[in-house]
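In: Got a sequence here, can you model it:
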Amino acid sequence: MKRHAPVFVALVAAFAGGVAAQVFLVPRSPVAAQPAPPPTLPDRPPSLDPLPGSAPLPGSVPQFDGVVAKVMPSVVSVDAVKQTSTKGKPAEDSGSGVLMRFEGFRGVYAVTNNHVVEGARPTDILVTLNDGRILNPERVLVDPPSDVAVLVLKADDLPAADLGDSDQLRPGHWVLAFGSPLGFNQTVTHGIISAKDRGQVSLNNTIRIKEFLQSDAAINPGSSGGPLADASGRIVGINTAIANGGSTTNTFAGISFSIPINLVKRVGKELLEKGVVTRGYLGMQMAPMLDAQTAVKLGLTRLRGAAVESTHANGPAARAGIVAGDVIQKVGGVEVRDENHFINIVGALPPGEQIRLTVWRNRQARVIDLTVADWPTGRR
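Out: The predicted model follows:
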């Protein structure tokens, strides 16, 4: 199958003035003192009319000061000292985060990226609130496959952000990104949703669950873990990475990626309930994204589906008879867009569930039934 040329992207978790790690964009993954309350905001995207309480500017451009006043109290900066094997010297990383609640749980938690705090002990993590308070988390709960971390804080009067519904976002919707890019705390930028369900972003070997929001809101090293808000001040994503087109400067080039807040809600609740996230596993290695020429050679008339590159021995897929070269077209009644969509669908399934796959093989569709397993411990 045709492989696309790699495109460099950079993680945005570097400390202020530091260099973010270079990674590749490769479409391949295994299936395994708080301010006064802000004015009431309209439940709609901004128009050419200013928000309530804001003065109109020449040219009647959109105004976002009401959104900033609503969201900024819940934005935090996160500093972590990590133990490394390089001459025993600790590494310092900085990122951002947001205070939020999880349904069914008491208290307010700081949410950030796993790669911001990975390898740091709770006593080596500092969470600085918008009002200047500095806290150490009591516990740090992480999920490397989704790059989500939940920091358990013990403090009163923490201003939790309002959460939105990332499923309702559409390309063209206004969004604002908050964080501490390059060490500049309490920074806000704006842009629009450029695309949804971006999965062709390979950040490192642990991040497997990928359904990123793409926007052109500027984020830079230090912005990782900060919130992405909609035009009504509701959090719709957690900022995670940027694409830099191969540049060595690790600065924003117009493409940012954020974890949808609906995924963060689900992962956070499981972490608080069980300490780990349960995911479905079928035991397949998926091939890079199908291209039009390959699809035509296989007899497909639409560029849809997830191609199987190999199966893991004794896994559910191998036992059910799935082989390399098969193209997964449907999971139950859900049409599969591409390999990352398939990974996300299976990852959300509970172990033990019986599912039916529609598989394209030898220029015809066939149905294969199998049972979802749990991710093996060594693959988490």
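In: Let me know the secondary structure of I368.
Out: Here I368 is recorded as strand under DSSP: H, G, I helix; E, B strand; the rest coil.
In: the bottom helix or strand of the protein by mean pLDDT?
Out: Lowest on mean pLDDT, DSSP states H and E among the helices and strands of the chain sits strand 22-25, with a mean of 37.
In: Quick check: next helix or strand after that strand?
Out: Note on strand 22-25: by DSSP states H and E, the next helix or strand toward the C-terminus is helix 65-71.
In: what mean pLDDT does the very next helix or strand once past that following helix have?
Out: Moving toward the C-terminus from helix 65-71, the next helix or strand (DSSP H and E) is strand 75-82. Taken as a whole, strand 75-82 has an average pLDDT of 95.
In: Please name every helix or strand in contact with strand 75-82.
Out: strand 91-100, strand 109-113, helix 114-117, strand 125-128, strand 174-179 (3 or more CB pairs under 8 Å, 6 or more residues apart in numbering; DSSP states H and E). No exception for glycine: its C-beta is placed from N, CA and C like everyone else's.
In: Break this protein down into its domains, please.
Out: Domain assignment of the chain by automatic domain parsing yields the ranges 1-277, 280-379.
In: Low-confidence stretches in the stretch 251-380 of the chain?
Out: Applying pLDDT under 70 to the stretch 251-380 of the chain picks out residues 251-252, 377-380.
In: Next, L357: secondary structure please.
Out: Strictly by three-state DSSP, L357 counts as strand.
In: The residue nearest to it when sequence neighbours are not counted and H341: what is the separation?
Out: Setting aside the residues directly before and after it, L357 is nearest to I368 in space (CB to CB, 6 or more residues apart in numbering), at 4.9 Å. I368 sits at a distance of 18 Å from H341 (criterion: CB to CB, to the nearest Å).
In: So for those two, which sits in the more crowded spot?
Out: Taking neighbours as other CB atoms under 10 Å, I368 and H341 compare with H341 leading, 21 against 16.
In: Regarding the more buried one, what is its secondary structure?
Out: Each residue gets one of three states, and H341 gets helix by three-state DSSP.
In: wouldn't it be in contact with D197 here?
Out: Yes. Because the distance of 6.6 Å satisfies CB atoms under 8 Å, H341 is recorded as touching D197.
In: any shared contact partners between those two?
Out: E211 (CB atoms under 8 Å, 6 or more residues apart in numbering).
In: Just the element for L271, please.
Out: Assigned by DSSP H and E, L271 falls in helix 261-274.
In: Tell me how far Q214 lies from E339.
Out: According to CB to CB, Q214 and E339 sit 18 Å apart.
In: Between these two, point out the one with more neighbours.
Out: E339 (28 against 18).
In: From V372, how far off is the nearest residue to K196 once chain neighbours are set aside?
Out: Take K196 and drop its neighbours on the chain: the residue closest to it by CB to CB, 6+ apart is L213, 5.9 Å away. Distance from L213 to V372, counting by CB to CB: 27 Å.
In: So which of those two has more stuff around it?
Out: L213 (28 against 18).
In: What is the strand or helix carrying that one packed up against?
Out: L213 is part of strand 212-215, with elements assigned from DSSP H and E. Judged by 3+ CB pairs under 8 Å, 6+ apart, strand 212-215 is in contact with strand 187-198, strand 235-243, strand 255-260.
In: Note down every partner strand of the longest one and its orientation.
Out: Think strand 187-198. With DSSP bridges as the test, strand 187-198 is paired with strand 174-179 (antiparallel), strand 212-215 (antiparallel).
In: mind listing what's buried in it?
Out: Across strand 187-198, burial judged by 16 or more other CB atoms under 10 Å covers 187-191, 193-194, 196, 198.
In: Was I right to think I259 contacts V236?
Out: No. Counting by CB under 8 Å, I259 does not reach V236; the two are 10.1 Å apart.
In: Okay, now the unreliable bits of the stretch 51-200 of the chain?
Out: The model of the stretch 51-200 of the chain has pLDDT under 70 over residues 51-62, 84-88, 200.
In: Grab the most central residue of this structure for me.
Out: The C-alpha lying nearest the average C-alpha coordinate of the chain belongs to I259 (CA atoms, centre = their mean; 2.2 Å).
In: quick one on the thing from earlier: can you name every helix or strand that the helix or strand following the helix holding L271 contacts?
Out: Counting by DSSP H and E, the next helix or strand C-terminal to helix 261-274 is strand 280-281. Under the contact criterion of 3+ CB pairs under 8 Å, 6+ apart, strand 280-281 touches helix 339-347, strand 373-374.
In: Output those in CSV; the columns should cover distance to R302.
Out: Formatted as CSV, the helices and strands packed on strand 280-281 follow (distance: least, CB to CB, whole Å):
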stretch, distance to R302
helix 339-347, 14
strand 373-374, 30
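In: deepest of the ones you listed, which one?
Out: Of all the helices and strands packed on strand 280-281, helix 339-347 carries the top mean neighbour count, a mean of 24, counting by mean count of other CB atoms under 10 Å.
In: what angle sits between that helix and strand 187-198?
Out: 90 degrees (axes from the mean of the first three to the mean of the last three CA atoms, to 10 degrees).
In: Show me what helix 339-347 is packed up against.
Out: Other helices and strands packing on helix 339-347, by 3+ CB pairs under 8 Å, 6+ apart, are strand 280-281, strand 284-286, strand 306-311, strand 327-331.
In: ok, 7 Å please
Out: strand 284-286, strand 306-311 (3 or more CB pairs under 7 Å, 6 or more residues apart in numbering; DSSP states H and E).
In: What is the subsequent helix or strand relative to the last one?
Out: Spelled out, that is strand 306-311. helix 316-320.
In: quick revisit: identify the residues contacting the residue nearest to L357.
Out: 320-322, 357, 359 (CB atoms under 7 Å, 6 or more residues apart in numbering).
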